[in-house]
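Novice: I would like to see how this sequence folds:
(chains A and B)
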Amino acid sequence: MKKLSKTLRSTLSTYALIIIAFIVVQVLMGADLISNSLQGQLVPICAYVCLAVSLNLVVGISGELSLGHAGFMSVGAFTGVIVAACLARAGVEAELVLFVVSAVAGALVAGIVGLLVGIPVMRLRGDYLAIVTLAFGEIIKNLLNNFYIGVDNAGLHFSMQNSSSLGMEQGTIIVNGPQGAVGIDKISTFVGGVVLVLITVAVVLNLMHSRSGRAIMAVRDNRIAAESVGINVTKYRLMAFAVASALAGAAGVLYAMNYSTIIPSQFDFNTSILILVYVVLGGMGNIRGSIIAAAFLTVLPELLRAINDYRMLIYAVVLILVMVVPNLKAYQRLVDMVRVRILKRDAAEQAPAAAEGGEGHE
Amino acid sequence: MSKLTDFGKARRETTKMVPVPSHSIMPERDLGQAPALECLHLGIDFGGLKAVDDFNITVGKTEICGLIGPNGAGKTTVFNLLTKVYQPTRGTIMVDGQDTAGMSPARVNQLGVARTFQNIRLFDTLTVEENVRIGLHNQVKSGMVSDILRLPRFWKAERDFHEKALWYLDIFDMAKYADWTAGSLPYGAQRRLEIVRALATGPKLLLLDEPAAGMNPSETAELMENIVKIRNMFNIAIMLIEHDMNLVMNICEGICVLNFGKIIAKGTPEEIQQNPQVIEAYLGAGAHQGEKGGEAA
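Specialist: Coordinates of the predicted model:
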């Protein structure tokens, strides 16, 4: 019972963190204390938080190193843009409806692509899996580079040659090959982003603390033992991968709808690594850590704009320090000291409580 | 030894699927019932090495059976074959009358084979209760969608998981450890937890790989009581690998001795103790004084 309340406490504090951060930002915006450039970063921050949390499901909870997360993000982004454009053409004007429908569509398509990619990829393990996911990420990017999609009164048109071969009359081009999607309705809002973050976190945390999630963690901790208790290893690795892909797809829609143009090469290997950095920095399997790391590392370059010439240098130094310091002996000793102190305090608090419990009816 | 090998060879040469007479000393209570486990001509090669060859055994429905032999005899390999960690090169494994050919380890467990490991394999970062809950994975059902959306089915499953996990932990008086991280348990408790986790999968045949390794005599005595207790409680067959001859001779009803991947003797504890081939395998040819007998004793 005590343990249950501990997980519950940690879950609630994660939600509380998101909501408090949201309120603080709203208050600061009301007081006009946030610069314009930072305001422009609010939606991307939410998107990156979603991506980091979803990648944590694969890397931290399922224990597989995936280097192609940006690929699923782009699948979601382009699906969302196409769906939104079609709906807008069909006369749907309510931005909320547009956003929700395209986010759901983006998540679904990215989830299905994740499942299809996952079936061959999940036959592999460790480094091999990492390299193949990297390859799939690049394949998705290059495929999208060759997609030409347009819509007119007759419906959707698709080509892989060029935009003029779409054969449209008075239609609009939605995706134009390497030039990407143009003329996107900028319907992403900060509120929508925060809601998506909450949904993503809820999905990951709910999955983690359930039968399926325990099976996923069992496979991570000890594959042979997991098999020996009757867990279908492939199924649960695939489940984590597909769910994470779907969540990345939804985050991709959020990200895309914040700009008027997106191009496939935005979602390249560098983006995948960036998301991975958030996960590693925040701690494998630590959802709250991913949220904080993603937000912090997206905001940091903006905050450093004042010293523009050095900002990437400082960013790099901070990154190195954050990775190195926790591994230093002196730092670990300090943490241990603090932890022992807290434990002692907790024990002192719990001792009388335990004594009471022993005498009571329990 | 030559006599036994010739026997096996002759049978292999004649036909592969001749009904083999019962190879075990089935306790009378199991007579007339399908055996929990039946192996016919089971074998596996690693390259040119026949790690296990012509392994025939029948384990009765509620029998406690010992698998012994010198180090490197292939005992754990047999367990890995039975649980399909390795796919056998040849031969048949029947669990509760069903052929397990081509099954995955997970499927074999669902059919009723559970095991513990020589080097403990717990889910170290998870709690004791979560470890047992994972063992209960196929006993309590709830799907991904109800898990994510927290539908009523999820809550019902979690309640079931909690109740059953504590019930299983109570068998070995371990409910008090429920909230501990599995990796932080004392060694003996980790071994017990592995047995609990295996039992939670609802097996018909429980394989224990050196359950008494690293235990002191009083812990071993407790373990012996527990093994008999779970057999009587669940009415299951138990097969165990063990070097502690005191344990094996006291609780096993049938014993099978393995050397260089082949069965060299089968019988009751009394028969095995007097078998000259077993003595030779453990002590070396011509070892009358038992100079190197420390390990076997």
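
Novice: helices of the stretch 201-350 of chain A, start to end?
Specialist: With DSSP state H, counting those that start in this stretch, the ranges of helices along the stretch 201-350 of chain A come out as A:211-221, A:223-228, A:233-256, A:269-282, A:287-303, A:311-324, A:329-359.

Novice: er, the stretch 101-250 of chain B I mean
Specialist: Under DSSP H, counting those that start in this stretch, the stretch 101-250 of chain B gives helices at B:105-111, B:128-135, B:144-149, B:152-171, B:187-200, B:217-234, B:245-251.

Novice: let me have the ones you listed in JSON lines, extended by mean neighbour count, distance to residue A:287 and mean pLDDT.
Specialist: For glycine as for every other residue, the C-beta is placed from the backbone atoms N, C-alpha and C. As requested, the helices of the stretch 101-250 of chain B are arranged in JSON lines below (neighbours: other C-beta atoms under 10 Å in any protein chain shown; distance: least, C-beta to C-beta, whole Å; pLDDT from 0 to 100):
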{"stretch": "helix B:105-111", "mean neighbour count": "21", "distance to residue A:287": "28", "mean pLDDT": "95"}
{"stretch": "helix B:128-135", "mean neighbour count": "27", "distance to residue A:287": "17", "mean pLDDT": "96"}
{"stretch": "helix B:144-149", "mean neighbour count": "17", "distance to residue A:287": "14", "mean pLDDT": "93"}
{"stretch": "helix B:152-171", "mean neighbour count": "17", "distance to residue A:287": "19", "mean pLDDT": "95"}
{"stretch": "helix B:187-200", "mean neighbour count": "22", "distance to residue A:287": "27", "mean pLDDT": "95"}
{"stretch": "helix B:217-234", "mean neighbour count": "15", "distance to residue A:287": "39", "mean pLDDT": "93"}
{"stretch": "helix B:245-251", "mean neighbour count": "17", "distance to residue A:287": "46", "mean pLDDT": "93"}
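
Novice: hey, which of the helices of the stretch 201-350 of chain A is tucked in deepest?
Specialist: Comparing these by mean neighbour count (mean count of other C-beta atoms under 10 Å in any protein chain shown), helix A:233-256 comes out on top with a mean of 27.

Novice: now do it against helix A:269-282, angle only.
Specialist: Going by axes from the mean of the first three to the mean of the last three C-alpha atoms, to 10 degrees, helix A:233-256 is angled at 110 degrees with respect to helix A:269-282.

Novice: just checking, what packs against helix A:233-256?
Specialist: Applying 3 or more C-beta pairs under 8 Å, 6 or more residues apart in numbering or on different chains; DSSP states H and E, one finds that helix A:233-256 contacts helix A:36-56, helix A:69-89, helix A:95-121, helix A:190-208, helix A:211-221, helix A:223-228, helix B:144-149.

Novice: who are the packing partners of the first one?
Specialist: In this case it means helix A:36-56. Helix A:36-56 packs on helix A:69-89, helix A:190-208, helix A:233-256, helix A:269-282, helix A:287-303, going by 3+ C-beta pairs under 8 Å, 6+ apart.

Novice: same thing but 10 Å
Specialist: helix A:2-30, helix A:69-89, helix A:190-208, helix A:233-256, helix A:269-282, helix A:287-303 (3 or more C-beta pairs under 10 Å, 6 or more residues apart in numbering or on different chains; DSSP states H and E).

Novice: pipe those into JSON lines and attach mean pLDDT per row.
Specialist: JSON lines is the format used below for the helices and strands packed on helix A:36-56 (pLDDT from 0 to 100):
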{"stretch": "helix A:2-30", "mean pLDDT": "87"}
{"stretch": "helix A:69-89", "mean pLDDT": "94"}
{"stretch": "helix A:190-208", "mean pLDDT": "96"}
{"stretch": "helix A:233-256", "mean pLDDT": "96"}
{"stretch": "helix A:269-282", "mean pLDDT": "92"}
{"stretch": "helix A:287-303", "mean pLDDT": "90"}
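
Novice: just send the ones you listed back as CSV, with distance to residue B:242 too.
Specialist: Shown next, in CSV, are the helices and strands packed on helix A:36-56 (distance: least, C-beta to C-beta, whole Å):
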stretch, distance to residue B:242
helix A:2-30, 34
helix A:69-89, 48
helix A:190-208, 38
helix A:233-256, 29
helix A:269-282, 44
helix A:287-303, 44
